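*Asks:* Show me how the following folds:
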Amino acid sequence: MLSHEIIFVADLLAIFSVYLIINLSLNLEFGYAGVPNFGKVLAVATGAFVMGVLPFTLYGMIIDYGGLEPIDDNIQLVREINDYIALHPETAVGVFAITLIVAMVIGGILGLASAYPAIRLRGDYLAMTLLGFGEMIRIIGMNYTPLVGGTLGVSIPDMLSFVPNEYRFVAASLVLVGFAGLAYLLVSRFTKSPVGRLLRSVRDDEVTLQTLGRDHKKIKMKVLMLAGALGAVGGLLYASYVEGVVAFGYNRLNWTFLPFVMIIVGGLANNKGVLVGTFLFVVIRKLVIYYNDALDGMLPFDIIWLDYLALGGVMILVLIFRPHGIIPERPQKTRQLEKG
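*Replies:* Purely as a prediction, here's the structure:
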């Protein structure tokens, strides 16, 4: 049996990894390119919904379900698939890889769809339009039952069923940490390249960029596609980790506004700042949840509000004393020409 401390740390690292991937994608859009994507939940929910649908279809080509339906006979079907995965781990890896690729493609396509208002609108109008995009997918998921079970949701196969039970929880956390580390390295290399300076120019001065022959509209479209694909990875990994998809859980608070708070507190257009801001907020939230029972009755208000008050308090303090975030964006200096 795993100790409570190991379970706490493993769960913390898993949630941190998911949010880090999502926050890195949001930082590309808002921190670097200046696009206030208040519909970030669109990409996250897309990845989760793909994870809630596609594995059943793929395993249906391999296993004879005997007339079982993914929605109506969900629990029994998941049990049969998990038993098959335990004996055929290579199949589980292949199905997961295909599901991941499909989620990224659909996330990128939806990012492209949301890019059309992004290249025509600015400021509050753009933010509200993207917010509407994010709400649409949650409403569809809740009301169209054949997708992911409507308001009840669906359980999904455990892709690590081949791992012994006592190690499965830790193994799942390590897989998520690996994905987060890979995403961090790729995004860091991407933003440190000349592309990073190009994205900052889109954010800071589109007119000057156009005079240099660059099309800011195409740049925004590409970054929204990339960020959409990356956000879908985060949603897929979260759904896989909790082994279920409930459309109601993909709301704008947890998957849009909290990521915005994390990257603003950590520092916009700075991947290290995003890492620090994400870790700070996830740790605070996990500690509040972990010590809920111990603190209950000691506070003059209901314990359920402590989470939001603690996070809000940290955000206010950081914005007062570090208005540009814990790790502010580094200024990009132009190299001077050597005098000959």
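
*Asks:* so who does Ala103 touch?
*Replies:* Contact partners of Ala103, counting by Cβ atoms under 8 Å, 6 or more residues apart in numbering, are 46-47, 50-51, 54, 232-233, 235-236. Placement of C-beta: from N, CA and C, glycine included.

*Asks:* Counting neighbours, which of those end up buried?
*Replies:* Among the contacts of Ala103, those classed as buried by 16 or more other Cβ atoms under 10 Å are 46-47, 50-51, 54, 232-233, 235-236.

*Asks:* helix or strand for the residue nearest to Gly235 when sequence neighbours are not counted, which one?
*Replies:* Nearest residue to Gly235, sequence neighbours excluded (Cβ to Cβ, 6 or more residues apart in numbering): Gly47, at 3.1 Å. Assigned by DSSP states H and E, Gly47 belongs to helix 41-60.

*Asks:* elements contacting that helix?
*Replies:* On a contact count with 3 or more Cβ pairs under 8 Å, 6 or more residues apart in numbering; DSSP states H and E, helix 41-60 meets helix 4-26, helix 74-87, helix 89-118, helix 123-143, helix 145-148, helix 216-242, strand 244-245.

*Asks:* what's around Arg189, how many residues?
*Replies:* By other Cβ atoms under 10 Å, 11 other residues sit near Arg189.

*Asks:* should've said Arg203
*Replies:* 18.

*Asks:* cool, Arg122 as well?
*Replies:* For Arg122, using other Cβ under 10 Å, the count is 13.

*Asks:* same question, Leu26
*Replies:* 29.

*Asks:* Asn37 is in contact with that one, correct?
*Replies:* Yes. Leu26 lies in contact with Asn37 (Cβ atoms under 8 Å); the separation is 6.4 Å.

*Asks:* shared neighbours, these two?
*Replies:* Residues within reach of Leu26 and of Asn37 at once, by Cβ under 8 Å, 6+ apart, are Ala227.

*Asks:* before we move on, the earlier item: among the helices and strands packed on helix 41-60, which one carries the weakest average confidence?
*Replies:* Comparing mean pLDDT across those, the weakest is helix 123-143, with a mean of 85.

*Asks:* other SSEs contacting it?
*Replies:* Against helix 123-143 (3+ Cβ pairs under 8 Å, 6+ apart) you get helix 41-60, helix 89-118, helix 145-148, helix 252.

*Asks:* Beyond the shortest one, next helix or strand please.
*Replies:* To tie it back to what came earlier, the one meant is helix 252. Next along from helix 252, by DSSP H and E: helix 258-266.

*Asks:* re earlier: can you add distance to Ala310 and give the helices and strands packed on helix 41-60 back as CSV?
*Replies:* Formatted as CSV, the helices and strands packed on helix 41-60 follow (distance: least, Cβ to Cβ, whole Å):
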stretch, distance to Ala310
helix 4-26, 15
helix 74-87, 36
helix 89-118, 32
helix 123-143, 25
helix 145-148, 32
helix 216-242, 22
strand 244-245, 27
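
*Asks:* so which of those gets nearest Leu280?
*Replies:* Leu280 lies closest, by Cβ to Cβ, to one member of those: helix 4-26, at 10.0 Å.

*Asks:* which strands and helices sit next to the closest one?
*Replies:* Where contact means 3+ Cβ pairs under 8 Å, 6+ apart, helix 4-26 is packed against helix 41-60, helix 165-192, helix 216-242, helix 258-266, helix 271-290.

*Asks:* For the ones you listed, give me JSON lines that also has distance to Gly31.
*Replies:* Output for the helices and strands packed on helix 4-26, formatted as JSON lines (distance: least, Cβ to Cβ, whole Å):
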{"stretch": "helix 41-60", "distance to Gly31": "16"}
{"stretch": "helix 165-192", "distance to Gly31": "9"}
{"stretch": "helix 216-242", "distance to Gly31": "11"}
{"stretch": "helix 258-266", "distance to Gly31": "6"}
{"stretch": "helix 271-290", "distance to Gly31": "8"}
